Structure formats: structure tokens, C-alpha cells
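# structure of the sequence below:
(3 chains)
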Amino acid sequence: MSAFRSFPAGPQSTEALARLVDGTVHGSARMVAGVAPLEGAPAGALAWCGRATVPGSPAVLLATAPGPGTTIVVRDPLRAFGQILRHLFEEDHPPGVHPGATVHPTAVLGVGVVVHAGCVVGPRVQVGDGTILFPNVTVYADTVVGARCRIHAGAVLGADGFRYAAGPTGPERIPQLGRLVLEDEVEVGANTCVDRAGLGETRIGRGSKLDNLVQVGHNSQLGPAVVLAGQAGLAGSVTVGAGAQVGGQAGIADHRSVGAGARVGAQSGVTQDVPDGETVLGTPAMSARAVRRLWATWRRTARGLVRRG
Amino acid sequence: MSAFRSFPAGPQSTEALARLVDGTVHGSARMVAGVAPLEGAPAGALAWCGRATVPGSPAVLLATAPGPGTTIVVRDPLRAFGQILRHLFEEDHPPGVHPGATVHPTAVLGVGVVVHAGCVVGPRVQVGDGTILFPNVTVYADTVVGARCRIHAGAVLGADGFRYAAGPTGPERIPQLGRLVLEDEVEVGANTCVDRAGLGETRIGRGSKLDNLVQVGHNSQLGPAVVLAGQAGLAGSVTVGAGAQVGGQAGIADHRSVGAGARVGAQSGVTQDVPDGETVLGTPAMSARAVRRLWATWRRTARGLVRRG
Amino acid sequence: MSAFRSFPAGPQSTEALARLVDGTVHGSARMVAGVAPLEGAPAGALAWCGRATVPGSPAVLLATAPGPGTTIVVRDPLRAFGQILRHLFEEDHPPGVHPGATVHPTAVLGVGVVVHAGCVVGPRVQVGDGTILFPNVTVYADTVVGARCRIHAGAVLGADGFRYAAGPTGPERIPQLGRLVLEDEVEVGANTCVDRAGLGETRIGRGSKLDNLVQVGHNSQLGPAVVLAGQAGLAGSVTVGAGAQVGGQAGIADHRSVGAGARVGAQSGVTQDVPDGETVLGTPAMSARAVRRLWATWRRTARGLVRRG
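You can find the predicted model right below:
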């Protein structure tokens, strides 16, 4: 299948596209029929340039500087590409609550909320305007979901935290009486789980994005614009500051904090607090710069061990 | 939102609460309206003290020793807190099988079983008295679920084990003819998967607790009171002894055993059998004491490499 | 419960079984009532021998060489065992689309497709002949699922890729306009997630097998006969060659490639391309032979550190 996708509303002028993204057209004005990836983009398509550029592409390019052909020059081409896609490609969702969904009569849904088939929304749940619950999402009692959130299929919001006391015959359950709050514009990936609090709240800050199969433990507090990549895991009572990014399969131990703007590399294991703005890597997680050098010594040692037989 | 939760049955006397947990009241008798976390707990609330204490808290405290205010002294404050919560906060579940669930006519459900919307219970499944299946749980054919189990949303019980033979054009499926047995009082977290056996049984022992997004492979045998934290993974035919605890994102290789009372640290990779009572850490997993020292040498090396530029 | 499973069609002669798998009967001809694991297999059962053999087993054995009792000699006993099981044990699935499933009117289902309860199949989805969707599977719009695929419970096919641009107030969504294609005979484990492409296709090659809780990111390209074990994670735009195998909890960084026939050990973190046929291990992933020696030095160091106190 060609990766080209034509605009549902028909061809657009480069001028109109540039206006959408505060860009400047360089080269001859053109009509653009749709979008395509840079590699192999045909004439009549719009594509965006990242680090890789394709000299002599017949497509109209979104780029940071004028190229040989027609270019729409913007500061952030990927961001501009997203703006154009969000403007020109509408998603079609069945309006309202699908008859194959189960919404408790005490749940309160905002204007324009979409609840797909197979979703189960519990007692006293609140869902803000324009939020979409994709199929088979479960929302436990008392959870608050903000406006314009996107909750992907199979996600589980507000299940019990994992908290037990040691009893004489095994672990004894501590009932989880708190709740989960997702602020506005939060996105939750497929089959991701965010637990309710034991008491008080687990909170996911405005505009945070969680990828698929992520685990967020009870009483964790995420600031705004936090990004958690696929299969990342936060134990209980973890704090993550505004704009911090956690890589895929990384884990954060309970009661640890990751500072604002910090970055945690993929598969890292965070056992100590990460200061604001710091980039850490590895298990145990340390300064990424240091870990990359440590890894280089491992590579040399390993190569030497094999050479010696 | 305040984290305070009032008792549904109204205020309780400190004497009555102490009786519930075999504790002793120190200081003046009081009426307690509900529960709160220790930090910021108001007068009229009950809170429990862990390692951290709050001097001069106006709340009634569950603690191991008398404090300046009213204290209910118990051996294990968290455990006593759980006992009080389980006694005074009832969960409300719709009784029986929700009309939005699908239960095969040959499945046998015990007394007081709750099957939430979206659950699918297959042929010849048995579910013991008082067990709760939260929404969107799938139980494959022939699975046995004990009494008083809690199976959280999206969990999948008894799916095929992952077992293939090498064929000339790719992996060839080995039909999985065994079953899965969960004994009584097992808790399974959201979106956790426990596979059926190839032949015979996969078995999860009485009172074991599995967190969210955990994977348990075919033919694994878990003893009683085993704890598997979030995103832990057990390959096929793993044995875990009574009371063992496995940390988040840890993995156990196939056919390995983890002894009774052993502890496997978060993100560890167990490639060799772990003896009873041992604590292991790291990949490859070794004695935790040794690994902590090894990690300390890595930290020193990494710091030195950065200092030298 | 005994692990013995009797043939639904009644006892079979060793000659008939040998014919099914192109094997040769050694020892006296027997009637076989069913199958059992080698350990403890009773007389009248068929069992297969792997590395471990049980001298003097009363069962009929599938093995690579004649034993003391009746043996069906084949080249690959496990493969032959699978062939016999697939031939003699039929699965019973409700035919067609369960009334508790939701299939969009524009979706196209092939002949003999089974859609279990709780499944949600989106607009313009195509599903090939003989494919089984187990309960609570979600298939997003435009996804293509080949013939004779098995998609286990809770799997999510074709959800949005995780792709954002940095905006002034947080991450901005890039609409995901591509699709997901599963070729024929692909198996997807319970609660596994495979994302659609941003533009173009995410593709899973013919006969590939994905275990439970696996994550495959947008635009990834898997060749035929690829095996991904439980909780493995592929970031975006990963390429995996024919017949490659990725171990449990392993992660592959975005835009990396794993060559044909390569093997990635459990919990590995692949940060560089893996050549065809190579076996890698560890984080960062390196030649497995080298890593095993590196690990041996760690074990020695750790032991020494503990000995010195």
C-alpha cells in the first residue's frame, strides 16, 4: 500500500497550508493533494524533513530552511506537520455512548464524550468534555478523567493499588479508598494501567502522555506534560515533575522522584531521586554521560575476554 | 480533594476500633470519624504510623508505641489499619452476573460470585464462592478460580502457553491442553496474564497476589502467599516457593525455581535457581548484598570516567 | 488432576500415529489412549522425549532413537507431538460472530472467522479466513488481519503510535494515519499491543508469533517467522528479519534492526543494529558469548567484595 494519504477535503494550496502553521512558502506556489513520508513522497504530496533530507524530492517539504523545490519554512517541521494533520484529517467516532458500553447511572459524562463499545464506566466517575474512551476501557468507581483526553483500548483506570500487610497466613489486603484523577488532555495508551490511591489521589498532570502497557502505581503524582514510553513502570508514590520523560521499560522505585524536565533512559532502573533537568540511564540509574562511558569499558572488556578465548 | 474518608457507618469509639485489632488505647478515649494519611490527618481521623511519625498529630494514631496524643497500640499498625478498613468500608458490587458479561452455560459459579460487565467466562470454568471478576476479564475454558479471589479488569486467565516447535517454514503451534488453577484468595492485577499449561496445570497458590501487567508462563507453579509486583514476568515452568516476593519488572527464566521466602529485587533477571530465603538482585541475579557492592564500584568508576573527561 | 489427556476420537494405533508424523515404530505395536508429559506418563499414553529421557517409561515415546519400550522414532519429537495434538484435539469455538461482539458494518470477515464475545472490530478492518479473535480483542479501523491468525484475549491491534512534537505547553499529538497489517498465520498473545503506522504500514510477517504483553511500536516491520517472547518491547520503526527471536522483557530501540535469524536474549536492551544470525545479550546488548564472560567477571568481583566485607 502506498503511504500517501490524500486530504479528505481535497487539494490545498501551499499558501493555505503555510497559513495554518505560521510558515513561509519558498519556491513556486503549488496545490498539495495529501501527505506522505519524506522517503518516496510523490509530487503533489506534503512531507516533513527531520534530520534526514532527501535532495531533489518532488514533494512540497516542511523544513527549517528553503530547499531546491517548493518548501514551507517553519521552525519545527514535525510540529507543523502535526498541526496540518490535526486540522485536515478528522477522526470519525460514533457520537456518545455505544450501546455495547456499560456506563453506571451515577457517572457524569461531559459534552461530546465518546464511549466506544466494550467500555465499562463505574459509579460516580466523571469524564470531561470531548474525551474519547476507545473500546474495552475500564474506569473504576470515583475516577475523574479530564477534558479532551484520549484513553486507548483496554486501558484500566483506577484499579486498586497493590498494597498489602504481612499477615500470619500471607499478605492481607489494604482497601484502596482513594481515587485517580487525570487532568485535561491526558493520553493513555492501550492496555496501560493507572491505579487509584490508597487514600487521597493518584494524579496525572495536564497534557501528559502515557504509551501502551505502562504501569503507574497508587498515589503517584505526575506533573503536566510528562511522557512515559511503552512498558515503563512507576511503583507506588512516585513523583514526576513537569515535562519529564521516561523511556520504554524503565522502572522507578517507590517513593522516588524524577525532577521537572528530567529524562530517564529506556530500561533504566531509578533507585534514587533524579534532580530537575538531569538525564539518567542504566540500572542502577546514574548520569547518562557517566553510564555511556561505563558501557564503553564493558564493551572493551567483553571484546578482550572473547579475544583471549 | 481531602484524603480524609469518613466511616460509612458513622463515628467509632477508639475502644471499638482497638477491639477490632486487638490493640490497646493509650491517652483519652475519643470518637473517630474516619481515616486519613498520617501527613495532614485532622483531629477526628485515624491514621497509621510507619517508619515516619508526625509528632503532635491531632489524629488518633495506630502505632507500635504510645505517642503524645491518643494512640491505639498494636504490633503491626499497617495490618491493623487494613483490618479496620476491611471491616468498616464495604465495597458495593452489583450482585451476580452483569447482563453485559458473557458466561458459558457450562461454567459453574459459586455463591456470591460477582461478574462485572464485559467479562467473558469460557466453557467448564469453575469460580469459587465470593470471587469478584472486575470488568473485561477473560477466563479461558477449563480454568479453575478459587473462592474469595479478586481478578482485576482486563486480566486474562488461562490463555494458551507460548510453545512452538521449529518447522520448515516457521514456528509450529503445540496445542495447550492443560489448564490453569488459581487457589483461594488469589488476587490478580489489571491486564495481568496467567497462561494455562501445555499438559497438566499452571497453579497459583492460596493467597498469592499478582500486581498489574504481570506475565506468568505455562506450567508455572506458585506456592501460597507469593507476591509478584507490577510487570514481573515468569517464563514457562517456573517454580516459586511459599511467601516468595518478586519485584517489579523482574524476570525469571524458564524452568528456574525461586525458593520459599526468597526475594527477587525489581528488574532482576533470574537465570539460576534462587535458594530458600535468599535475596537476589540484578541481571544476572546474584546475592543482593554482593550486587549492591558491585553497583557501588560501578558508580565510582562512572564518576571517575566523567571526571577524567 | 492427572496431566493425561485422552484422544477425543478414542485410542489410536502406534502405526496410525507414526503415519501422521512420518515416523517409524520400534518395539511392539500398541494402542495409545492419549497423551501425557514424559514424567509420570502411564502405560497407554504417548509422551515425547526432549533432552531428558525417562528410562523404563511404560508410555509410548516419541523420540529420536529407539528406546527399551515402544518408540515412534522421528527427527523432531516436539514437532511430531504438536502435529499429533493438532490432528487429534480439535478446539471448539462458537462459529461466526458472538452476539456480545461489536463488528463495524464496513469490516470484512473471511470464511470461518471466529469473533468471540467482547471483541470490537472497527471500520474497514479486514480479517482473513479461519482467523480466531479470542474474547475482548480490539481491532482499530483499517487494520488488516491475515488468514488463520490467532489473536488472544485483550490484544489491541492498530492503536495510535506514540508520536508527539514538542509544543509550547507540552507534547502535541501527530495523528497516526497509517495502518497495521498482520500477514497469515500470525499469533498474538493476550493483552499484546501492536500499533498502526504514522503513515504507511506496521507489518507483522507471515507465521510470526508474539507472546503476551508484548509492545510493537508504530511503523515496525517484522519479517516472517519472527518470535517475540513475553513483555518484549519494540520502539518505533524497528526492523526484525525473518526467523529472528527476541527474548522476554527485551527491548529494541527505535529505528534499530535485528537481522534475519538473529537472537536477542531475555531482558536485553538493543541499542545498535544486530547483524543476521548474531546472538546478543545484556544492556547494552553485545555478543552473547562476550556478555556471558563479562557476567562471569561480575560474579567473581561481587563474591570478592562480599568476602572482603
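# what's the longest helix anywhere in chain A packed up against?
Longest helix of chain A, by residue count under DSSP state H: helix A:288-307. With contacts taken as 3 or more CB pairs under 8 Å, 6 or more residues apart in numbering or on different chains; DSSP states H and E, helix A:288-307 sits against strand A:279-281, helix B:288-307, strand C:286-287, helix C:288-307. Glycine gets a C-beta too; all of them are placed from N, C-alpha and C.
# quick one: the third one near chain A?
By that I understand strand C:286-287. Yes: Strand C:286-287 lies within reach of chain A by CB under 8 Å from any CB of the partner chain, at C:286, C:287.
# hang on, the earlier thing: could I get the helices and strands packed on helix A:288-307 as CSV with mean pLDDT, mean neighbour count and distance to residue B:201?
Shown next, in CSV, are the helices and strands packed on helix A:288-307 (pLDDT from 0 to 100; neighbours: other CB atoms under 10 Å in any protein chain shown; distance: least, CB to CB, whole Å):
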stretch, mean pLDDT, mean neighbour count, distance to residue B:201
strand A:279-281, 98, 22, 42
helix B:288-307, 93, 16, 32
strand C:286-287, 96, 22, 39
helix C:288-307, 93, 16, 33
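# can you redo these as TSV with distance to residue A:264?
As requested, the helices and strands packed on helix A:288-307 are exported to TSV (distance: least, CB to CB, whole Å):
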stretch	distance to residue A:264
strand A:279-281	6
helix B:288-307	16
strand C:286-287	22
helix C:288-307	23
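# so for residue C:24, which of the ones you listed sits nearest?
Smallest distance to residue C:24 across the helices and strands packed on helix A:288-307 (CB to CB): 36.9 Å, for helix C:288-307.
# just the CA trace of that closest one, in CSV.
Extracted C-alpha coordinates of helix C:288-307, given in CSV (Å, rounded to 0.1, in the frame of the first residue of the first chain):
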residue,chain,number,x,y,z
ALA,C,288,26.1,-13.1,24.0
ARG,C,289,29.4,-15.0,24.2
ALA,C,290,31.2,-11.8,25.3
VAL,C,291,28.4,-10.9,27.7
ARG,C,292,28.5,-14.3,29.4
ARG,C,293,32.2,-13.8,30.1
LEU,C,294,31.6,-10.2,31.3
TRP,C,295,28.9,-11.6,33.7
ALA,C,296,31.4,-14.2,35.0
THR,C,297,33.8,-11.4,35.9
TRP,C,298,31.0,-9.5,37.7
ARG,C,299,30.2,-12.7,39.7
ARG,C,300,33.8,-13.0,40.7
THR,C,301,34.1,-9.4,41.7
ALA,C,302,30.8,-9.4,43.6
ARG,C,303,31.9,-12.5,45.5
GLY,C,304,35.2,-10.9,46.3
LEU,C,305,33.6,-7.7,47.6
VAL,C,306,31.4,-9.7,49.9
ARG,C,307,34.3,-11.8,51.2
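# report the distance from that helix to the chain centre.
Between the centre of helix C:288-307 and the centre of its chain there are 32 Å (CA atoms, centre = their mean, to the nearest Å).
# contact partners of that helix?
By CB atoms under 8 Å, 6 or more residues apart in numbering or on different chains, the residues outside helix C:288-307 that reach it are A:298, A:301-303, A:305-306, B:284, B:286-287, B:289-291, B:293-294, B:297, C:263, C:265, C:279-282, C:285-286.
# same check on stretch A:54-64?
Residues outside stretch A:54-64 that contact it (CB under 8 Å, 6+ apart) are A:14, A:17, A:21, A:23, A:30, A:32, A:36, A:38-39, A:41-49, A:53, A:67-77, A:80-81, A:84.
# mind running it again at 7 Å?
A:14, A:30, A:32, A:36, A:38-39, A:41-43, A:45-49, A:67-75, A:77, A:80-81 (CB atoms under 7 Å, 6 or more residues apart in numbering or on different chains).
# buried set for it?
A:54, A:57, A:59, A:60, A:61, A:62, A:63 (16 or more other CB atoms under 10 Å in any protein chain shown).
# in strands only, show me those.
Mapping the buried residues of stretch A:54-64 onto strands (DSSP state E) picks out A:60, A:61, A:62, A:63.
# from these, which single one is nearest chain B?
The shortest gap between chain B and any of those belongs to residue A:63, at 36.0 Å (CB to the nearest CB).
# from residue C:161, how far out is the residue sitting nearest the centre point of chain A?
Nearest to the geometric centre of chain A sits residue A:209, at 3.1 Å (CA atoms, centre = their mean). From residue A:209 across to residue C:161, the span is 12 Å (CB to CB, to the nearest Å).
# try residue A:86
Taking CB to CB, one finds residue A:86 at 15 Å from residue C:161.
# which of these two has more neighbours?
Under the neighbour definition other CB atoms under 10 Å in any protein chain shown, residue A:86 and residue C:161 were set side by side, and residue C:161 has more, 25 against 15.
# what's that one in contact with, if anything?
When contacts are counted by CB under 7 Å, 6+ apart, residue C:161 touches C:176, C:195, C:196, C:197, C:198, C:217, C:218, C:219, C:236.
# and for residue A:173?
By CB under 7 Å, 6+ apart, the residues touching residue A:173 are A:164, B:82, B:86.
# wait, the first one touches residue A:174, no?
Yes: Residue A:164 is in contact with residue A:174 according to CB atoms under 7 Å; the separation is 6.4 Å.
# the two - which one has more neighbours?
Ranked by neighbour count (other CB under 10 Å), residue A:164 and residue A:174 place residue A:174 first, with 23 against 18.
# I'd say that one and residue B:83 touch.
No: counting by CB under 7 Å, residue A:174 stays clear of residue B:83, with 9.5 Å between them.
# got the angle between the helix-or-strand element of chain A with minimal mean pLDDT and helix B:288-307?
Across the helices and strands of chain A, mean confidence by mean pLDDT, DSSP states H and E is lowest for helix A:288-307: a mean of 93. Inter-element angle recorded for helix A:288-307 and helix B:288-307: 110 degrees (by axes from the mean of the first three to the mean of the last three CA atoms, to 10 degrees).
# quick one, domains of chain A?
A:5-88, A:155-289 (automatic domain parsing).
# packed most tightly, which of those would that be?
Across the domains of chain A, the average number of neighbours (mean count of other CB atoms under 10 Å in any protein chain shown) peaks for domain A:155-289, which reaches a mean of 24.
# gap between the two ends of that domain?
End-to-end span of domain A:155-289 (CA to CA, to the nearest Å): 35 Å.
# and stretch A:44-62, by the same measure?
13 Å.
# with pLDDT added, can I get the contacts of residue A:173 in a markdown table?
Supplementary listing: the contacts of residue A:173 in a markdown table, determined by pLDDT from 0 to 100:
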| residue | pLDDT |
| --- | --- |
| A:164 | 97 |
| B:82 | 97 |
| B:86 | 96 |
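# and the closest residue to the residue nearest to the centre of chain A other than its chain neighbours, its phi and psi?
Excluding its sequence neighbours, the residue lying closest to residue A:209 (CB to CB, 6 or more residues apart in numbering or on different chains) is residue A:187, at 4.7 Å. Main-chain dihedrals, residue A:187, degrees, to the nearest 10: phi -120, psi 130.
# pLDDT score for residue A:187?
As predicted, residue A:187 sits at a pLDDT of 98.
# bridged to it, which residues?
Residue A:187 has these beta-bridge partners by DSSP bridges: residue A:150, residue A:209.
# and it, what does it touch?
Applying CB under 7 Å, 6+ apart to residue A:187 gives the contacts A:149, A:150, A:209, A:210.
# what do you get if the cut-off is 10 Å, keeping everything else the same?
The contact partners of residue A:187, by CB atoms under 10 Å, 6 or more residues apart in numbering or on different chains, come to A:132, A:148-152, A:155, A:204, A:207-211, A:227, C:160, C:162, C:164, C:171, C:173.
# equivalent analysis for residue A:198, please.
Taking CB under 10 Å, 6+ apart as the criterion, residue A:198 is in contact with A:160-163, A:174-178, A:218-219, A:236-237, B:3, B:35, B:37, B:81-82, B:85.
# sort out for me which of these are in helices.
Assigned to helices by DSSP H, the following of those qualify: B:81, B:82, B:85.
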